[in-house]
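S.K.: All I have is the shape, not the residue letters:
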């Protein structure tokens, strides 16, 4: 089970291992999908653990990105490693993927009030 928490502002944070393997990819995506369903409309932060990012972890993040776009849920990804941030940004073919180097940056971006057009 993926560790998660919900902040006071309602942002869902899920920790994802950067070295996720192929066998764990489907289970991780399934858990993320279930968490999105349980916390409807809550912004999501995927926080990658330190270390080199595996192809399976990149695939899982991109899959979560598609899920969030479909559900109209804001997503931010936290990756401390600069190479990991570049890999994730490059892998997000359709639509930008917001990748941050720290949790506080992601939370600030996702907790900011959304401007409503008049």
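M.R.: That came in fine, so what should we check first? These figures come from a predicted structure and were not determined experimentally.
S.K.: low pLDDT regions in the protein?
M.R.: Applying pLDDT under 70 to the chain flags residues 92-95, 112-118.
S.K.: quick one: the helices in it?
M.R.: 22-38, 55-71, 82-91, 103-111 (DSSP state H).
S.K.: Return the set of buried residues in the shortest one.
M.R.: It stands for helix 103-111. Buried residues in helix 103-111, defined by neighbour count with 16 or more other CB atoms under 10 Å: 103, 106-107, 110. In this view, the C-beta of every residue, glycine as well, is placed from N, C-alpha and C.
S.K.: quick one, what contacts residue 39?
M.R.: By CB atoms under 8 Å, 6 or more residues apart in numbering, the residues touching residue 39 are 6, 10, 12.
S.K.: if we can go back for a sec, any idea which of the helices of the chain is most buried?
M.R.: helix 55-71 (a mean of 19; mean count of other CB atoms under 10 Å).
S.K.: what angle do that one and helix 82-91 make?
M.R.: Computed by axes from the mean of the first three to the mean of the last three CA atoms, to 10 degrees, the angle separating helix 55-71 from helix 82-91 equals 50 degrees.
S.K.: how far out from the middle of the chain is helix 55-71?
M.R.: 8 Å (CA atoms, centre = their mean, to the nearest Å).
S.K.: The contacts of residue 39 in strands, which ones?
M.R.: Mapping the contacts of residue 39 onto strands (DSSP state E) picks out 6, 12.
S.K.: from the contacts of residue 39, which would you call buried?
M.R.: For the contacts of residue 39, buried by 16+ other CB under 10 Å: residue 12.
S.K.: could you dump the contacts of residue 39 to TSV with distance to residue 39?
M.R.: Converted to TSV, these look like this (distance: CB to CB, whole Å):
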residue	distance to residue 39
6	7
10	8
12	5
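S.K.: What sits closest to the residue nearest to the spatial centre of the chain if chain neighbours are left out?
M.R.: In the chain, the residue lying closest to the centroid (CA atoms, centre = their mean) is residue 46, at 2.9 Å. Spatial nearest neighbour of residue 46, excluding adjacent residues (CB to CB, 6 or more residues apart in numbering): residue 77 at 4.9 Å.
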